[in-house]
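Participant: model the following, please.
(one chain, ligands or ions: 1)
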Amino acid sequence: MESITPTQRVLVVTAVEAEKEAVLRGTGPLTNVDVVVVGVGAAAAAANTAAALSKADYGMVVMTGIAGGFAGKAEIGSIVMASEVIAADLGAETPEGFVSLDELGFGSARVPVEVGLASSIAQQLQEVGLPVVTGPVLTVTTVTGSAAKAEELLRRVPGAVAEAMEGYGAGVAAQMRGIPFMEFRAISNTIGPRDRSAWRIGSALTALEAASSVFREVR
Ligand SMILES: O=C(O)c1cccc(C(=O)CC[C@H]2O[C@@H](n3cnc4c(=O)[nH]cnc43)[C@H](O)[C@@H]2O)c1
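Facilitator: Numbers count the residues shown, from 1 in each chain. The predicted structure follows:
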């Protein structure tokens, strides 16, 4: 099984304090894991993850928190494990449609994840009874609020399972230091027509807490 060596510290980043608290309830006290709030949005996540990485010698960065799940792919209360993290709105609109940063030739809107460790952790979560879906997790600047936009995102990234707002930023900060990265999220809402009253943040934070117990196994 993939693992992190005992000398490696793990940096876990969340967007907001409530997510950090859920993670800490799940992990219990650990000496080799730091959980840091990096803010909402990819820019804050990138800057604050980079700052945290400058303070200690980390062997892994894990982005986590809540997310929107694509209908029929990731249900509320389930866990999504990123197979890849993609900044889905980083590019240019053209009369012919969206052109990604990669296609424009200005770098990459995709951050690879530590696939072996991600699949090993997904398997552990399934073994303790948590519903886990693995696939591309999108990073967006704007929370999707219509069925049309959700469909458009799925056309850009077929197979995407969820969207959130920070993964790409944290991932780029890790990548720039050559540190392995992964993202997992607990689903709080279904992506589509905006209905804030349908968000189940409490259920997602409970799932996030349960999933975070996996860090007890991180050695
Ligand atoms: O309701 C709003 O207007 C609103 C606008 C921006 C942010 C929020 C949040 O509650 C923070 C979202 C927070 O959680 C992640 N998240 C959860 N669900 C989604 C989603 O469907 N699409 C994008 N991000 C989502 C995100 O990573 C933020 O950190 C509310």
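Participant: what does the chain put close to the ligand?
Facilitator: 15, 40, 65-68, 140, 143-144, 163-166, 188-189, 191, 196 (CB under 6 Å from any ligand atom). All C-beta spots, glycine's among them, are computed from the backbone N, C-alpha and C.
Participant: what is the end-to-end distance of stretch 90-99?
Facilitator: With CA to CA, to the nearest Å as the measure, stretch 90-99 spans 9 Å from end to end.
Participant: check which residues of it are buried.
Facilitator: 90-91, 98 (16 or more other CB atoms under 10 Å).
Participant: in strands, which of those fall?
Facilitator: If you go by DSSP state E, the buried residues of stretch 90-99 have 91, 98 in strands.
Participant: walking through this protein, point out its strands one by one.
Facilitator: Using DSSP E, strands in the chain cover 9-14, 33-37, 58-69, 79-87, 91-94, 97-100, 110-112, 132-139, 162-164, 181-190.
Participant: in CSV: those strands, plus mean pLDDT.
Facilitator: Formatted as CSV, the strands of the chain follow (pLDDT from 0 to 100):
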stretch, mean pLDDT
strand 9-14, 97
strand 33-37, 97
strand 58-69, 98
strand 79-87, 98
strand 91-94, 97
strand 97-100, 96
strand 110-112, 98
strand 132-139, 98
strand 162-164, 98
strand 181-190, 98
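Participant: hang on, the earlier thing: check the residues of the chain next to the ligand for burial and list the buried ones.
Facilitator: 15, 65-68, 140, 144, 163-166, 188-189, 191.
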